[in-house]
Each structure stands twice: as C-alpha cells, then as structure tokens.
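Participant: Can you look at this prediction? I've put the sequence above it.
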Amino acid sequence: MSKTNPRHFAFVLIPRFTMLSLSCALDGLRSANVDCQPGSYTWELTSAEASPVISSSEVPLGVASLGDAKNPDVVVICGGERSHDYSNVNLTRWLHGQTKRNIPIGSLSDGAFVAAQA
C-alpha cells in the first residue's frame, strides 16, 4: 500500500456500538501509517442510520451515509449492545453489494450478528 493507492476501510457503525473496539481498530491503522508507509491506510465512519450514531457509552459520532461513503477496500461492521436485534434493509443491500464486489467484510464486537444476518 502507498499514498497513491491506500487501502480504504469503511467502518459501519451500528447504534450502541462499542467505542473501545472502534478506537482500537482505528489506532491500529493510524499506527501502521506512522510506523510503516505513511498514507497506506485511510478510513471513514459510515452508517445506515442518520448522523450522529450514539455509542454504547453515549458518545455521538458523525458519520457519512452509506450512499455517500467512498468505495471501500475493506468493510468493518462495528457492533455492540443489542446488535443481535439490529436490522436495516438498506445496510443489508449495501453489504450484499460489497460482497458482489468481493470486498472483505469483518466485524468488531457484536457486529458479527449484523454480518451474519446479511
């Protein structure tokens, strides 16, 4: 990866996502940019929900809508409290589109429930 061709991560925030999981993942990418080749990784926060999305610790984070998100190289679904009850048809469609593009989809915390439902 390089500045001219960075690997772009889309972090999809599910309401009540776990802030600790997200911050650890972002800091790992930030650290890789510092310690390896600067600019190798980029990221954005996105959601199927209206901005801001509230974390499990009640911290609101502004996000891009799925429709406005850049084309990711990797999707990471960030879940947390009650993710197993979460359902959003727009997110399911968007995830299916990413799968058709052969984009890897991973998850943090309980985001695995959302990924499995899609």
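Facilitator: It's in. Treat the numbers as computed from the prediction; the structure is a model and nothing was measured. Numbering: from 1, shown residues only.
Participant: residues near residue 30, how many?
Facilitator: 13 (other C-beta atoms under 10 Å). Just so you know, the C-beta spots here come from the backbone N, C-alpha and C atoms, and that holds for glycine as well.
Participant: Correction: the previous question concerned residue 106.
Facilitator: 14.
Participant: try residue 49
Facilitator: 19.
Participant: which residues in this protein form strands?
Facilitator: 7-13, 41-47, 53-54, 60-61, 64-65, 74-78, 105-108 (DSSP state E).
Participant: who's the nearest residue to residue 68 once chain neighbours are set aside bridged to?
Facilitator: Excluding the flanking residues, the one nearest residue 68 by C-beta to C-beta, 6 or more residues apart in numbering is residue 46, at 7.7 Å. With DSSP bridges applied, residue 46 shows beta-bridge pairing to residue 12, residue 64.
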